[in-house]
Every structure is written in structure tokens, then in C-alpha cells.
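Colleague: Sequence first, then the predicted structure, then my questions.
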2 protein chains.
Amino acid sequence: MTRPAGRNRRRVSDANSALLVDLYELTMLQAYWRERMFDEAVFSLFVRRLPEQRNYLLACGLQDALHYLEHLHFGAAALEFLRGRGEFSADFLGWLKDFRFTGDVFAVPEGTPFFAPEPILEVVAPLPEAQIAETFLLNQINFQTVLASKASRVVAAAGPGRNVIDFGMRRTFGADAAVKSARAFFIAGVSATSNVLAGALYGVPISGTMAHSYIQAHDDELAALRRFVELYPDAILLVDTYDTLQGVRKVTQLARELGGRFRVRGIRLDSGNLIQLAFEARNILDAARLENVSIFASSSLDEYEIEKLVKAGAPIDGFGVGTKMAVSEDAPSLDMVYKLTAYAGVGRLKTSPGKETWPGRKQVFRQAEASRYTRDILARHDEPLPGTPLLERVMAGGKRLPAGRKPLEAGRVRAKAELARFPAPLLSLSPARPRYVVEISAALERHRQEMVGQRPED
Amino acid sequence: MTRPAGRNRRRVSDANSALLVDLYELTMLQAYWRERMFDEAVFSLFVRRLPEQRNYLLACGLQDALHYLEHLHFGAAALEFLRGRGEFSADFLGWLKDFRFTGDVFAVPEGTPFFAPEPILEVVAPLPEAQIAETFLLNQINFQTVLASKASRVVAAAGPGRNVIDFGMRRTFGADAAVKSARAFFIAGVSATSNVLAGALYGVPISGTMAHSYIQAHDDELAALRRFVELYPDAILLVDTYDTLQGVRKVTQLARELGGRFRVRGIRLDSGNLIQLAFEARNILDAARLENVSIFASSSLDEYEIEKLVKAGAPIDGFGVGTKMAVSEDAPSLDMVYKLTAYAGVGRLKTSPGKETWPGRKQVFRQAEASRYTRDILARHDEPLPGTPLLERVMAGGKRLPAGRKPLEAGRVRAKAELARFPAPLLSLSPARPRYVVEISAALERHRQEMVGQRPED
């Protein structure tokens, strides 16, 4: 079971991501292939129920979903591995060698607020192609949506004028999550990330301060701060390594030493009672005429803690948020599913208790009064209903369309603009009552009833 | 901010993982470089406090940590990106070009149960090399330990004789987490994963059943089951797409049709009241003389649900566990830190409230009476104390030692053997009272007191 050492030998890449799949997708694929079930299928990706702690979700992950579909193929090593399993026939593996995704994809743009049970993505493709995409699409869209939705609340709690910086990389679930979380947070309105690679890969602004280890490696706290500022005159200085307020006084001493050359941007509080320390630190700074030195806080923050700090009027100018945002601690998963809703032109549905589906291709119409959103209608895709349709065609015949290639900023702009149009209670941290209304159109409900009536063998 | 399209353009790889780092590590690195602070540093990686819902943690992630350290380098693209930032000097970037990790690493083997505040890894290296590793080591070891620790509880709840299969890939936070979670779960005692790539990369056994979409794509449930079994005679059949007990009866009908050729291994229940359905399904199967067909359950399971099912005596032979294990829903993060504990031969510590550290290199001695573990002693690394030392040298001079190259099974075997030696309450799902004892050795406590006394500027 040990494998030869080598570079990247255990990394996920386009060369092996076709195997990033639940085994049953492949066994079903072989069954579809054997039964010649190549007719067109429709799968809907949606969330069955929102977590209690979420009034809305923010769609994220479409870019990676489309990249995957565009590059999906089984390379030689993947085919070799499957051959070794013994459960796949040589003919099937030969067919798999030329397997590509050739279907259409409809999706809501990244940064779109959405609700249950609205589809945020629908795949229309020959059954095997649509089936195999299930695992990867859920894997990427679920976690990116989880994180964008969490960060949106953190940004709302900080309010306008106070930046949120992502410090979460050390707590994200691995490397893929590290870079994509920073991207998802940026879409949700987070200002910057500490993650350098997210800056390099996606252009997310990057930002950093300093760690306790830097202070500790020096024999003297003041000397450490002095050295750091020589190199980075506009740094944000960490002041709580030994005693926070003593640390703040050392910053004022540095200001006296440097006079007009003092350009330190801010200090960072990372422990203790942040409200009290922020007030006291502000007083010390102001007394030293350092009104321009801002106060930045971190230390186990989330939207609830930030709301407390803001409500208490603590003089904090920005927040570094790590762990609790990086894992979406209060709601780390969504009940997101990818369900067959039509095959060979016939609507399909599942009737397991609590796991019902809506048949066929669908559209979501978002309706507004006086520019405020009032409700969504989940409808059949071709109904002529009032409101803005949310799903757009982003891929045709396996190729991305311009709508599937939006720059990162488009998602961020969309999230901000769209959220501003919802009723205010939706944006508060507590559960909005009543919840935002999602109606089922009469035609979709009728279609479902017909399907239930025609259910096999009832 | 849009980037040219291309294969793997936005993937993490050994070529860019040096940038998988918090920006402040790099700014501090430049400061250390400028100040010629190249003396030996010791960093300890440990968990400050266990989550309420965890009686122990299971160490995981060492293999990826060591792989990273062995391959750490700044390639041309990484250096170019940093140059473009404008905050790094050409001289520093020239130095970074030849930067490699040349230090020693001491760590507990994967699969070792551990407690707070025991170090599970210590890095001894020139300060910049030890500093920069912080982000990646925490990123990998934190999440893999979170997941192994969660899975260990799930396996314990299932008890001996009932397999747990990992179905979590669609809920893991991305692709890196998908494969490494399957690996971490296997170490913790999970029997197999649905994740094909985890099988290909790590040799984790893979396993699968079938999805509702397969049943739904056929016009007739029985026909779907019949077709599937033609191809996979020993399949596990999903029976709850429409009506669970009707589904079970169709399996018995299939058995009548196939007679001696019927080899179906089991059925899967994925919704509804699992206790009641398991009893009823068992009755139906047994009445049809299908005592060999086992019952497999899934549907939002975790250790608490599984314990309920087992305590109720539900005739369930195995569990498919997804979401709640994949995100460690009740404890998705750890208070895991990587702290400077010595520099240039002098112990260092931090005294921020609630964030204290222990100075210098350390060792953990695990003591037993009559082969049962009774307590751990956290000590200075060179104390001659009784008990089994947990930390071993796994890397020297930047090269992995045999102790750092154990096969995956070694971690699984270790976890099982070690856990069996702890007091039983530790392995129950509820908080163990009293908690397992971790004592601080007198010498370590003295060393700490000396350090506090010598703290700069007190």
C-alpha cells in the first residue's frame, strides 16, 4: 500500500480529478452504459433546508464546477486503477477513455443570495455525464457556499467602514479549502486575506500583521517593534505578547523616537477583554496624539462577537477573523443535494419522507416591489412569470459561455448589490421571522402531482 | 484579475505550496533575514484545550507535514509574485530562491491518542525555516486531526463487528480534504470509503452501493434492481426511493426470480425511522430465507445516532456515514497552535491570558499500570522519566527518517492498539469525568518559572 515517493504524487489535479468521485457513480455509469441509457437527463442541485442560523445562502463554487466539467476525462493512470478493481469491463473502460462532458449547465451567478429549495445549478446532459458530475459538483459548491454564506454574516456584523480580514488558513480543511475559502470570503465582502497563494491564484488582496513569535524571538519587546517598523514603516503592530497596555505604550514610545518618520498604521489586540482593551488602548494612543493609529482586533471572532464589539461602541477599526469563519463553526454543512428530475423527457421524482424533489428543469423568478425583493417563485423553466430569472445558461455542449466566465469581482459586486435589496431582518444575525417567501408556481405543482400520479407501480 | 485559462492553473501543487502561507510569515522572514536572526528555534505544535465533546484526539497529518518540509522551495513564479508586491527586497528574494528546510522534526506517530497541552510535533531549525512552516503545518495537522478524532468516536459507537463506511466526500471542504479525510478516517478505524481517488492515492479500501437516481432513471423500481444485479450480483441495493418496505419486498422477489443465482449482499436504508425500518426489513428478509442479506444504514448518521441504533438493538450490520463526520459537525476546529518555545538556546514563552506556552523542547511520557494507561507527563525533552516517550525524531537535517515514513496501516494499527489501553470512560461519547491526567514535570514547571522571572522588561 506504500507508494513510490515523488513530487505531487498525492495531489489532486486535472489528471486525476475524474477519480474524485464516489465509487457508486462509476458502477452506475457502467450500468447505464450497458443498458444504453444515454438519453438526456436533468439534475438539479439545491439545498433542501437552510440551517437554523442562516436566513439566506450565498451561491459560490460555480467556477470550479465548470472548470471540472470542461476538463473531465479519464487518463491512463485512472483507467489503469479502475481496471485493477476487476469490476469494470474492458469495453466499458474503452468507452470511458473517450468520455467527456458534452452537456448544458444552467446556474445562478456566484454571489447570488438564494433559499431552499431553489436550484442553483441544473445539468442537462446524457445520463452518464450528468450522473458522474454529482460528487465533484456537490463537493465544491457545498463548501464554497457554506463559507461565502458564513462570511456574509461576518461582514454584515462588522458593518460599513470596518474591514474584515481573513486569517483562517490554518484552520481550513486543507489546501484546496485554504485558497478557495479566501476567494469565497472575498465574494462575500471580506476585504483581504492573509493567504498569499489566494492572492497569487485569484488576485484576492492580501494583508498581514506580525506574530507573537517575532516579538518573542527578540529579547526585548520594544526592540522587536522598533526593528519591524524600520523594515515596514506602516505595519500593524501586535501588542499583546506580554501585557497589552504596556505593549501599546511601547508603540507610543516608538512614535516619540521616530517623530515625523512614525507611520505605523495600527495595533492589533489578540487576547483578553477586547472591549475594555480597545477603549484603554484608544485612550493611550489619543493621549499620545496618535489618533491616526487604528485598532485592529482578532481572537476567536465571529459575527456574534463582532456584533457585541460594535454594539458596545468599542473603538475597533477592523477585524481579523479566523477559525470560526474558516470552518463555518455554527453551520459547517448544508443539506445540499443533486437530484435527477427528468430522464428521456419525463419528469422524475423521489418520494422518500423529507427528501422530496421537484420534477424537470426549473427557473427561479425573484420578484420586487419598489426595488425591494418580496418573494421568489420556483417554477418550470419555461414559464413566463414576472420577476428576474436567476438561472442562466453558463455552459453549452460542454463549453463555457461568457456567462460562465465572470471575473471574481463580479461575484462580490453582485452579492453586495443583491443583499441590499432584501428586507432588513434577513440580514440580521438572528433568525428572520417570517422567513423569506419561496412559492412554488401552480404549473410546477401540477407537474409534480402528475408525476406522483404516474409513479411506477403505485 | 482574470487569469489565462489553462490546466491546473488554479491548483495547489509542490510548485506553489510555498505560497500557501500567511503573509506575515514572509514579512517576518524578511525581518529575520535582515536582522541575521538565523539561530536555532524550537516551535511546539499543540492543542491548548480539547473541545468539550472530545475525551481525546487522534494525531493525523504528519505525512503531509513532512512532505511539505521536504519539498519546500520558492519557484520562479512564486518569487515573481512576491517581487510584484513591492515589499520584499531583491536581496531577500535572492536569498529566498535558495531557501530550503534543513531542520529536525520530532513528532508523535499518526494514530496516537493525545491530550492538551501535549506537543504532537516540534520543529528545531534556524528561526526563518521553523517560522515559515507554521501555516502549512497547522493547516494540515489541524484538519486531519479534527477528522481522525471525530471518526474514532463514530467507529467506537458502531462497536466491533459493524463496519463504518465513509460517504462524506460531497460534504468535505474541497478536494484536498476529500482524499485526506478518507485517509484520516481509515487511520481512525473506518473500514472503507466511497472516494475512488483516496483508494488510488492511498490504498484506502473503496466501497459503494447505488444512488436513488439510478432507480429513478428506470420506469420501474424492480426492473432497476434487476438490471443492477445482473451486472453486480453481490451489490448492496438501495430500497427507499419510493417506499422502503415495498423496496425490500422487491428484493425478495428478485431472490425468488434468481433462485440459486441470487447473491445480493445487502440492502441500504437511507431515510425514515431507521430502527423501525431495520426491524421490519429484517423480518421481511428472514421470512424469505434471506438471512444472509445484511442491512446497511445511512442518512445523517453520527456517533450519537449510531449509538442510539445500536442500543435499540436495531438489526443493522453496517453504517454509511457522511456529512457529520466529514465536517466534524460538533467540533469542526481545534485550538491548535504552533508556538516559539526557544530561540538561540533560551526558552521563550508567551504570557497572554489563556494563551500560555511551555518553554523549550519537550517530551511526553505515557505511563501505564498493568498495561492500562494511567497518566501522561509533559516534561523537558531530556528528562529520564518512566513511561513511553511519545515524540520521536522523524526528520533530521531536512530529510525524512524511517520513523517519518510509516505505511498508512501503521497508523490504523496504532490507533486501535493504543485506544484499547485507555480507561473505558475515555472511549464513551459523553465527557469523561475525571478527564485523563496530563501532569507537568517538576523540571518543566521550574524551567517555566525561571523564564517568567527573566521575562523582558518586567
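Modeller: Sure thing, it's come through. Just so it is clear, the model here is predicted, and its values are computed rather than measured. Numbers count the residues shown, from 1 in each chain, chains lettered A, B, ... in the order given.

Colleague: which residue sits closest to residue A:222 in space, ignoring its chain neighbours?
Modeller: By the measure of CB to CB, 6 or more residues apart in numbering or on different chains, the closest residue to residue A:222 outside its immediate chain neighbours is residue A:250, 4.6 Å from it. In short, each C-beta sits where N, CA and C put it, glycine included.

Colleague: residue contacts, the one you found?
Modeller: A:221, A:222, A:225, A:239 (CB atoms under 8 Å, 6 or more residues apart in numbering or on different chains).

Colleague: Same question for residue A:189.
Modeller: Listed by CB under 8 Å, 6+ apart, the contact partners of residue A:189 are A:151, A:152, A:155, A:164, A:412, A:415, A:416.

Colleague: before we move on, which element is the residue positioned nearest the centre of chain A in?
Modeller: Centroid-nearest residue in chain A, with CA atoms, centre = their mean: residue A:144, separated by 2.6 Å. Following DSSP states H and E, one finds residue A:144 within helix A:134-158.

Colleague: just residue A:421 next, same as before
Modeller: Counting by DSSP H and E, no helix or strand carries residue A:421.

Colleague: Just give the nearest non-adjacent residue to it, would you?
Modeller: Nearest residue to residue A:421, sequence neighbours excluded (CB to CB, 6+ apart): residue A:373, at 5.1 Å.

Colleague: Residue A:159 too?
Modeller: Leaving aside its sequence neighbours, residue A:159 sits nearest to residue A:310 (CB to CB, 6+ apart; 6.0 Å).

Colleague: That neighbour - how many residues pack around it?
Modeller: By the criterion of other CB atoms under 10 Å in any protein chain shown, residue A:310 has 15 neighbours.

Colleague: what does residue A:88 give?
Modeller: Neighbour count of residue A:88, defined by other CB under 10 Å: 18.

Colleague: quick one: secondary structure of it?
Modeller: When classified by DSSP: H, G, I helix; E, B strand; the rest coil, residue A:88 comes out as coil.

Colleague: any idea which helix or strand carries the residue nearest to it when sequence neighbours are not counted?
Modeller: Sequence neighbours aside, residue A:82 is the residue nearest to residue A:88 in space, at 5.1 Å (criterion: CB to CB, 6+ apart). Using DSSP H and E, residue A:82 maps to helix A:76-85.

Colleague: got any ranges where chain A has weak pLDDT?
Modeller: Where chain A drops to pLDDT under 70, the residues are A:1-10, A:351-354, A:454-458.

Colleague: Let me see the domain layout of chain A.
Modeller: Listed by automatic domain parsing, the domain ranges of chain A are A:17-146+A:338-453, A:148-326.

Colleague: hey, which of these is tucked in deepest?
Modeller: Highest mean neighbour count among those (mean count of other CB atoms under 10 Å in any protein chain shown): domain A:148-326, with a mean of 21.

Colleague: quick one, phi/psi of residue A:428?
Modeller: Main-chain dihedrals, residue A:428, degrees, to the nearest 10: phi -80, psi 170.

Colleague: what does residue A:389 give?
Modeller: phi -70, psi 130.

Colleague: List the contacts of the spatially closest residue to it that is not a sequence neighbour.
Modeller: Distance criterion CB to CB, 6+ apart; nearest residue to residue A:389, sequence neighbours excluded, is residue A:363 at 5.1 Å. Neighbouring residues of residue A:363 by CB under 8 Å, 6+ apart: A:379, A:380, A:381, A:382, A:383, A:385, A:389, A:390, A:391.

Colleague: what does residue A:267 give?
Modeller: Counted by CB under 8 Å, 6+ apart, residue A:267 has contacts A:236-239, A:247-248, A:251, A:281, A:285, A:293-296.

Colleague: picking that back up, figure out the helix or strand that the residue nearest to residue A:222 lives in.
Modeller: Here residue A:250, judged by DSSP H and E, is contained in helix A:244-258.

Colleague: Next secondary structure after that helix?
Modeller: According to DSSP H and E, the helix or strand after helix A:244-258 is strand A:266-269.

Colleague: Next, the contact list for residue A:449, please.
Modeller: Counting by CB under 8 Å, 6+ apart, residue A:449 has no contacts.

Colleague: one more time with 10 Å
Modeller: By CB atoms under 10 Å, 6 or more residues apart in numbering or on different chains, residue A:449 lies in contact with residue A:359.

Colleague: Residue A:125 touches residue A:42, doesn't it?
Modeller: Yes: using CB atoms under 10 Å, residue A:125 is in contact with residue A:42, at 8.7 Å.

Colleague: Common neighbours of the two, please.
Modeller: Listed as contacting both residue A:125 and residue A:42 by CB under 10 Å, 6+ apart are A:103, A:104.
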